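Colleague: Fold the following, please.
(one chain, ligands or ions: 1)
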Amino acid sequence: MHKICACLTIFEKTKFMFQSYQIQSKEAYEKAYLNSIQDPEAFWSEIASNFSWHKKWDSVLEWDFKTAHTQWFIGGELNITENCLDRHLPDNKDVAALIWEPNDPSSPNVTLTYGELHAEVMKFANVLKNNGIKKGDRVCIYMGMIPQLAIATLACARIGAIHSVIFGGFSAQSIADRLEDAAAVAVITCDGANRGAKTIPLKSVIDDALVAAHSVKTVIVYAHTHTAVSMHKGRDIWWDEEMNRMDELGLITCDAEVMDAEDPLFILYTSGSTGKPKGVVHSIAGYMIWANYTFVNVFQYQPGQIHFCTADIGWITGHSYIIYGPLSAGATTLMFEGIPTYPNAGRFWEIVEKYKVNILYTAPTAIRSLMCFGEEHVNGKNMDSLTVLGTVGEPINEEAWNWYNEVIGKKNVPIVDTWWQTETGGILISNLAGVTEAKATFATLPLPGVQPVLVDEAGKVLEGNGVSGNLCIQFPWPGIIRTTFGDHERCIQTYFSTYKGLYFTGDGCLRDENGLYRITGRVDDVLNVSGHRIGTAEVENALNSHTGVIESAVVGFPHDIKGQGIYAFVIYQGHAEDRESLTRQDILLTVTREIGAIAKPDKIQFVKGLPKTRSGKIMRRILRKIAENELGNIGDTSTLLDPSVVDEIIVGRLA
Ligand code: WT7
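Modeller: The predicted model follows:
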């Protein structure tokens, strides 16, 4: 059942660096799990010794969930880029590190060997230094999915600057908020990005963001789409010109900055149940080891394999499983600029065939959408190279799981359903491909080092199997969130206060009779739309910023492709009904400006009132039932200030 890549033969004689900790049997998993629980420090220090360090750590772990304090490998010194690049050079300098598939299938692709990627990263690191960017500075990266995005990210890490990658779909306002929160000194961007048939004017969005964000001194622009951009003297510079200048100056090599294990590596903004996205901070050593360990074990990566993660580097999945996990393991990572449906819905399968992809890691929303386009896009494509299929981002429904298994995997390729979060750095609960059992719609078992517990609303721990509750983790793993940038209290409040002594994930979860975990979705006010995390409060703030909107309430509803759609109930001043369609468009445009197109509600219902308690709290439970069309199940409305609003909302419900 478990296929071995043909390329393995080339490598079989050389002992690979992760051999000692790659779990290859169910028994080995059980043993590793037990060891990781009984003596976490010995377990992780053994694994950490496989990496390259400037100075060994003094102690392995210090933690206190009360104060959201976790440190791993304290006193150790390293640079993550030496682990992702330099250490592979002696044996694998000419191995492909990164393969880039452009948006337009007829444009030339790009392959960078480890030697080439290393050289590019060092040169660009010199560009950063030469422009006054130094260790500890925050650098925002807003680019399309092109090799320069990986180079920019790694170059920041090379010099110890903290990168904050922002997804290309966020608006100028969202970028400005993030730039300001991080007090970023520089932005790295492109003139534009290609996404299917569209070109996104990234630099122009940055120009708008910079009207409001004043900490930024330098903007480095990579010319990719060759669309016209404005360049501001004294601030904006061209990537290519700067790189050429490094050649002229002979600034070709760049020693890696020696960093503390607990120095921050990056900030990644993510939504929560309050209005403002928070900057999740990961530190270097623990994150690196977690990304590497999970990559090697969950996907059962073998030397020589091609790994294709379809996520965007603007999300944590791209950070951990396009860049840091694969590169730290010496793998070949495939980066795709485009979208799954361009020029047609067979694009993923074409890429798998073209590059003989071994590991494919994608999201349920992509699977569901491609499923709808029909099997004719899959038929005739040779996908025999596949050894692992992965899924992440939201619960996968059985139908999508079966299609992935039957149509893509031909029932011959293990599927890993990987549950994790921006805050966890890497995968926490998943089967190990071909090693531990898979079960449709179940993430199954915790990785070594991960100690899940289920609790009820009151925080009582639910023991035994066959129980459902809120998913918490009771012990730190190396990749756990370290803080929320600039506001540690918020980190404590959000993750470590709901249940005493536990990290709270915000997810609901079932542990079945056999002890396998199934994540059932968020239990807080966070939506998961096409695998994108969006806070309802954030969308409400955006809606409320529209002049005509008096008040709004946002809930999720089941959506065939996106998993969840956004349903907005809006109290609108005056007579929205006279020009409903135009008003809706105005409101949608406002949300696009405030957050980005990804947060646009699918449905906007104009209402006269919202169901509120006497103390003025909106009863979202009722609105959720209405949005989900569970009208027979609305429950008690007698505590409402005005129960009649519910009937009115039901009458006006949008199908
Ligand atoms: C939330 C985290 C982790 C990278 C992508 C999203 C949901 C994620 C699964 C899965 C069920 C999943 C959870 C989680 N989620 N993976 N395999 N099964 N739900 O990262 O934006 O931080 O979102 O995504 O609800 O809390 P994120």
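
Colleague: When you work out contacts or count neighbours from here on, use the C-alpha atoms and nothing else.
Modeller: Will do.

Colleague: care to break the protein down by domain?
Modeller: Structural domains assigned to the chain are 7-79+267-451, 86-256, 526-651, following automatic domain parsing.

Colleague: Now the terminal residues of the shortest one, how far apart.
Modeller: To tie it back to what came earlier, the one meant is domain 526-651. 27 Å (Cα to Cα, to the nearest Å).

Colleague: and it, how far from the chain's centre?
Modeller: Centre-to-centre, domain 526-651 and its host chain are 26 Å apart (Cα atoms, centre = their mean, to the nearest Å).

Colleague: Could you check how far Ser644 is from Thr637?
Modeller: Look at Ser644 and Thr637: by Cα to Cα, they are 9 Å apart.

Colleague: between the two, who's got more neighbours?
Modeller: Neighbour totals were compared for Ser644 and Thr637, and Thr637 leads with 16 against 13 (other Cα atoms under 10 Å).

Colleague: Which residues of this protein lie near the ligand?
Modeller: Residues of the chain lying close to the ligand by Cα under 6 Å from any ligand atom are 316-317, 392-395, 417-422, 443, 507, 519, 521-522, 532-533.

Colleague: Turn the buried ones among the residues you listed into a named PyMOL selection, would you?
Modeller: To isolate the buried ones among these in PyMOL, judged by 16 or more other Cα atoms under 10 Å, type:
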select buried, resi 316+317+392+393+394+395+417+418+419+420+421+422+443+507+519+521+522+532+533
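
Colleague: Next step: the residues of the chain next to the ligand restricted to strands.
Modeller: Those of the residues of the chain next to the ligand mapping onto strands are 417, 507, 519, 521-522, 532-533, per DSSP state E.

Colleague: from the chain's centre, how far out does the helix or strand hosting Leu149 sit?
Modeller: In the assignment (DSSP states H and E), Leu149 maps to helix 147-159. For helix 147-159, the separation from the chain centroid amounts to 17 Å (computed by Cα atoms, centre = their mean).

Colleague: Can you name the next helix or strand after whichever strand or helix holds Trp349?
Modeller: Element membership for Trp349 (DSSP H and E) is helix 347-355. Counting by DSSP H and E, the next helix or strand C-terminal to helix 347-355 is strand 359-362.

Colleague: Give me the mean pLDDT for the next helix or strand after that following strand.
Modeller: The helix or strand immediately downstream of strand 359-362 is helix 364-373, counting by DSSP H and E. On average, the pLDDT along helix 364-373 is 96.

Colleague: Check which residues of helix 364-373 are buried.
Modeller: Buried positions in helix 364-373, judged by neighbour count with 16+ other Cα under 10 Å: 364-371.

Colleague: How about stretch 224-236?
Modeller: 224, 229, 231, 236.

Colleague: Next, the distance between the ends of stretch 86-104.
Modeller: Terminal residues of stretch 86-104 lie 32 Å apart, using Cα to Cα.

Colleague: That should have said stretch 36-54, apologies.
Modeller: Terminal residues of stretch 36-54 lie 25 Å apart, using Cα to Cα.

Colleague: ok, now stretch 336-347?
Modeller: Using Cα to Cα, the two ends of stretch 336-347 sit 10 Å apart.

Colleague: contacts for that stretch?
Modeller: For stretch 336-347, the surrounding residues in contact (Cα atoms under 8 Å, 6 or more residues apart in numbering) are 100-104, 144-146, 194-197, 310, 348, 366, 370, 373, 377-378.

Colleague: Which of those residues fall within strands?
Modeller: Counting by DSSP E, these place 100-101, 194-195 in strands.

Colleague: Could you look up the SS state of Glu513?
Modeller: On the three-state scheme (DSSP: H, G, I helix; E, B strand; the rest coil), Glu513 is labelled coil.

Colleague: likewise Ile322?
Modeller: Taking three-state DSSP, the label given to Ile322 is helix.

Colleague: tell me, how many neighbours does it end up with?
Modeller: Per other Cα under 10 Å, the neighbour tally for Ile322 reads 26.

Colleague: residues in contact with it?
Modeller: By Cα under 8 Å, 6+ apart, the residues touching Ile322 are 308-309, 311, 313, 333-335.

Colleague: what do you get if the cut-off is 10 Å, keeping everything else the same?
Modeller: 98, 150, 307-313, 316, 331-335, 361 (Cα atoms under 10 Å, 6 or more residues apart in numbering).

Colleague: What of Cys509?
Modeller: Cys509 makes contact with 442, 453-455, 467-472, 517-523 under the criterion Cα under 10 Å, 6+ apart.

Colleague: Mind giving me the ChimeraX select for these, buried ones only?
Modeller: Selecting only the buried entries of these in ChimeraX, with 16+ other Cα under 10 Å as the criterion:
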select :442,453,454,455,467,468,469,470,471,472,517,518,519,520,521,522
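
Colleague: which ones are touching Ile200?
Modeller: Going by Cα under 10 Å, 6+ apart, Ile200 touches 143-144, 168-169, 190-194, 225, 227.

Colleague: Swap in 6 Å and give it another go.
Modeller: By Cα atoms under 6 Å, 6 or more residues apart in numbering, Ile200 lies in contact with 192-193.

Colleague: Distance of it relative to His226?
Modeller: Distance from Ile200 to His226, by Cα to Cα: 12 Å.
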